[in-house]
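1. need a structure here:
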Amino acid sequence: MTERPQAFSHALHSGYHHPTLRAWQCDAHVSATNLIYPVFVSEDKDCKEEISSLPGQYRLGVNVLCDHLEPLVRKGLKSVLLFPVVTSTPKDARGSFADSADNPVVLAIRALRARLPALLIACDVCLCTFTSHGHCGEPQGISVKLSCARTVRKNGCSHRYSAR
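-> Numbering: from 1, shown residues only. Purely as a prediction, here's the structure:
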């Protein structure tokens with residue numbers, strides 16, 4: 001028996017809460033306005049260090065981040081994806097610093113919301129940069145994996161609530 005597709009009277013779209021997400025779902029072409037710019041946020045607040053393997057990309061501290069992005073936003077940049085760069089903060093097996101108020105991504109969200117409120121901000125919530133072993137979870141049993149999953153959830157929540 002062949003299954004027929006079911007007709008729906010409406011569709012739920014979780015991505016309609018932000019104007020940029022609505023535009024992406026309506027347009028079928030690729031342009032600068034529907035690309036996400038990767039930003040590597042350093043815990044050194046005044047950092048502007050070029051990434052040798054990515055020419056033209058920088059590790060940016062929260063104090064220079066907005067100044068770096070403002071000209072790009074004026075040229076049409078609509079969204080960024082924030083990646084934390086943590087080198088001097090102590091790391092542990094669970095990535096505890098990930099949901100800290102001093103996490104560079106949390107600080108960056110606050111700064112971007114204040115100066116560039118229309119910018120869509122996405123965040124990497126992976127724990128690898130915060131863990132002593134460099135992975136999101138340890139393969140040594142389900143309890144450790146569940147613990148890491150809880151930390152990832154807390155990390156995501158800290159990003160969400162830092163924007164308020």
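2. can we go C-alpha only for contacts and neighbour counts from here?
-> Noted.
3. Pretty sure Gly95 sits against Gly134.
-> No: judged on C-alpha atoms under 8 Å, Gly95 makes no contact with Gly134 at a distance of 9.2 Å.
4. Look at these two and report which has more neighbours.
-> Using other C-alpha atoms under 10 Å as the criterion, Gly95 and Gly134 rank with Gly95 on top: 25 against 15.
5. Tell me the helix or strand right after the host helix or strand of Gln25.
-> Element membership for Gln25 (DSSP states H and E) is helix 19-26. Next helix or strand after helix 19-26 toward the C-terminus (DSSP H and E): strand 36-42.
6. Pull out the CA atoms of that next one and give them to me as PDB.
-> The C-alpha coordinates for strand 36-42 follow below in PDB (Å, rounded to 0.1, in the frame of the first residue of the first chain):
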ATOM      1  CA  ILE A  36      25.900  34.100   8.100                       C
ATOM      2  CA  TYR A  37      29.300  35.700   9.000                       C
ATOM      3  CA  PRO A  38      31.400  33.600  11.400                       C
ATOM      4  CA  VAL A  39      32.900  35.500  14.300                       C
ATOM      5  CA  PHE A  40      35.500  34.000  16.700                       C
ATOM      6  CA  VAL A  41      35.100  35.800  20.000                       C
ATOM      7  CA  SER A  42      38.200  35.800  22.200                       C
END
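7. Show me what that strand is packed against.
-> strand 58-61, helix 62-74, strand 79-85, helix 104-115 (3 or more C-alpha pairs under 8 Å, 6 or more residues apart in numbering; DSSP states H and E).
8. Which stretch among the ones you listed is buried most, on average?
-> strand 58-61 (a mean of 22; mean count of other C-alpha atoms under 10 Å).
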